[in-house]
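J.: Build the 3D model from these lines:
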Amino acid sequence: MNETKKLFDEMDQDYTGPALYAEPMFNYLNRCVRLECKRIRNLLEQWFKNFPSEFQNELRTRFRSKDDRQHLAAFFELYLHELLSKSGFSVEIHPVVNNKATHPDFKVLKDGKPLFYLEATLAALSDEDTSAKTRENQVYDALNRTKSPNFFIGVKVHGASTTNPPGAKMRRFLERKLSNLDPDMIAKQFEQGDFETLPRWEWKHDDWQITFFPIPKKPEARGKPGVRPIGIQMYDVKLITPHIGIKKAIQDKATKYGELDLPYIVAINVMDEFGADDIDISNALFGEEQVTIIFRGNELIGQRPGRKPNGAWYGPKGPQNKRVSAVLIAVNLNPWKIAKVTPVLWHNPWANYPLPSDIWQLPQLIPDEKDNCLLKKDGRSAWQLLSLCPNWPITKNE
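T.: Numbering: from 1, shown residues only. You can find the predicted model right below:
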């Protein structure tokens, strides 16, 4: 019998610094020697041992992917399997349903009794946006190789590009500009608040326009090796719409397996750099908030808050996607945030098969028919169920 492969490589890790901007999450975690990275690797290896052996190879391949979305999707499945197991459930992987070729991720049982199906997914960047973000991160990595002993570099990126900028040429441009500056004079301008006359340099590539400006280092920090030069990153103003990704994730999974004979949970890891709160999740489920202005003739007589009929669970014809009994929402969950993020279960008020709330130990939002709302029911934190400390992978005294 072949020995089970591990998630991570057996090698002498010797890197103690931060991850590169464009570095895949797995690559960094695999090579980092920092104590918290060791703890993460050890924990995930234990979880991997607990995962059914016949499904380990497929999970391992995706977990080791250079595409962070594939890596995080596999991590999320591994996390959910462990979380469900520690909650007292038993878990079947990829159960057959309705004689379909596709299978939900999990069938969850208690004392041999089937309770619900669960499907895990991400609300993450599209292929196009992922490629654009990778190119932007490659710019930052190129800039961090700039020789800049006296200055940090402020960066503001406008627009986007479909091709990679010439990193070496950009570094030479910056090094030439910075070498002509007196750090003490620039520091004096900072002290006096004279920011308008600070040097600024424009770099254009395709539809990208990048603005650079110098930030003087303190005298004692000048010339120190190993210090990354990027000091400030600034971005164009843009709309923050995590509810769109959450809604799409639910719609993509809602009817994938046809009519099921048990409650069906869609678990979503919302990967958004700005996060997502209860308002965003409510907008995704029940429709975006709106205010109806009421007139009598030309006279404004009132306004009524409400929602557009464009939610995953409530649309133009009323309740929809009723096969989804609940959604389990985690926000920006990754291996470093296992103890810091606790998923919340949102019950569907119109579900074909409602999920009993008393089987669930984590926080949840439960329909209240009397007040026509969802009531929050507190529960245990994920770190408690997983037998970790709340600051893990850092301990209290570190």
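
J.: And the next helix or strand past the helix or strand encompassing F76?
T.: Assessed by DSSP states H and E, F76 sits inside helix 68-86. Next along the chain after helix 68-86, taking DSSP H and E as the criterion, comes strand 90-93.

J.: what about that following strand, average pLDDT?
T.: Mean per-residue pLDDT for strand 90-93: 98.

J.: Please pull up the helix or strand immediately following that strand.
T.: According to DSSP H and E, the helix or strand after strand 90-93 is strand 106-110.

J.: Direction included, what does that following strand pair up with?
T.: strand 90-93 (antiparallel), strand 113-123 (antiparallel) (DSSP bridges).

J.: Can you dump the C-alpha atoms of that strand in CSV for me?
T.: Extracted in CSV, the C-alpha atoms of strand 106-110 (Å, rounded to 0.1, in the frame of the first residue of the first chain):
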residue,chain,number,x,y,z
PHE,A,106,-20.7,16.4,1.3
LYS,A,107,-23.6,14.4,2.7
VAL,A,108,-23.8,15.0,6.4
LEU,A,109,-25.1,12.5,8.9
LYS,A,110,-25.6,12.2,12.7
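
J.: So which bits of it are buried?
T.: 106-109 (16 or more other CB atoms under 10 Å). All C-beta spots, glycine's among them, are computed from the backbone N, C-alpha and C.

J.: model confidence over that strand, on average?
T.: 98.

J.: Please compute how far that strand lies from its chain's middle.
T.: Mean-position distance between strand 106-110 and its chain equals 26 Å (CA atoms, centre = their mean, to the nearest Å).

J.: neighbouring contacts of it?
T.: 80-81, 84, 88-93, 95, 114-120, 262, 359 (CB atoms under 8 Å, 6 or more residues apart in numbering).

J.: mind running it again at 7 Å?
T.: Outside of strand 106-110, the residues within contact range by CB atoms under 7 Å, 6 or more residues apart in numbering are 84, 88-93, 95, 114-118, 359.

J.: measure the residue nearest the centre of the chain to E299 for me?
T.: Computing the C-alpha centroid of the chain and ranking residues by CA atoms, centre = their mean puts M271 first, at 2.3 Å. According to CB to CB, to the nearest Å, M271 and E299 sit 48 Å apart.

J.: Residue ranges in the stretch 151-300 of the chain under the pLDDT threshold?
T.: Scanning the stretch 151-300 of the chain for pLDDT under 70 picks out 236-237.

J.: how about the helices in it?
T.: With DSSP state H, counting those that start in this stretch as the criterion, the stretch 151-300 of the chain has helices at 167-179, 183-191, 242-254, 278-286.

J.: what would those look like in CSV with distance to K322?
T.: Below are the helices of the stretch 151-300 of the chain laid out as CSV (distance: least, CB to CB, whole Å):
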stretch, distance to K322
helix 167-179, 52
helix 183-191, 59
helix 242-254, 9
helix 278-286, 13
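
J.: and R69, which of those helices is closest to it?
T.: With CB to CB as the criterion, R69 lies closest to helix 242-254 of those, at 11.8 Å.

J.: Tell me which other helices or strands that closest one touches.
T.: Other elements packing on helix 242-254 under the criterion 3 or more CB pairs under 7 Å, 6 or more residues apart in numbering; DSSP states H and E are strand 113-123, strand 264-270, helix 278-286.

J.: what would the ones you listed look like in CSV with mean neighbour count and distance to Q13?
T.: Converted to CSV, those look like this (neighbours: other CB atoms under 10 Å; distance: least, CB to CB, whole Å):
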stretch, mean neighbour count, distance to Q13
strand 113-123, 20, 27
strand 264-270, 27, 26
helix 278-286, 21, 37
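
J.: For those, give me JSON lines that also has distance to K177.
T.: Converted to JSON lines, the helices and strands packed on helix 242-254 look like this (distance: least, CB to CB, whole Å):
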{"stretch": "strand 113-123", "distance to K177": "41"}
{"stretch": "strand 264-270", "distance to K177": "40"}
{"stretch": "helix 278-286", "distance to K177": "41"}
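
J.: Please name whichever of the ones you listed is nearest to N310.
T.: Set against N310 and scored by CB to CB, those come closest in helix 278-286, at 8.9 Å.

J.: Format the strands paired with strand 106-110 as JSON lines; extra columns: distance to A160.
T.: Listed next are those as JSON lines, based on distance: least, CB to CB, whole Å:
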{"stretch": "strand 90-93", "distance to A160": "39"}
{"stretch": "strand 113-123", "distance to A160": "21"}
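
J.: Which of those strands sits closest to R31?
T.: Distance to R31, taken as CB to CB, is lowest for strand 113-123 among these, at 24.1 Å.

J.: Tell me the first helix or strand C-terminal of that closest one.
T.: helix 127-143.

J.: can you state the direction angle for that next one and helix 68-86?
T.: Counting by axes from the mean of the first three to the mean of the last three CA atoms, to 10 degrees, helix 127-143 lies at 110 degrees to helix 68-86.
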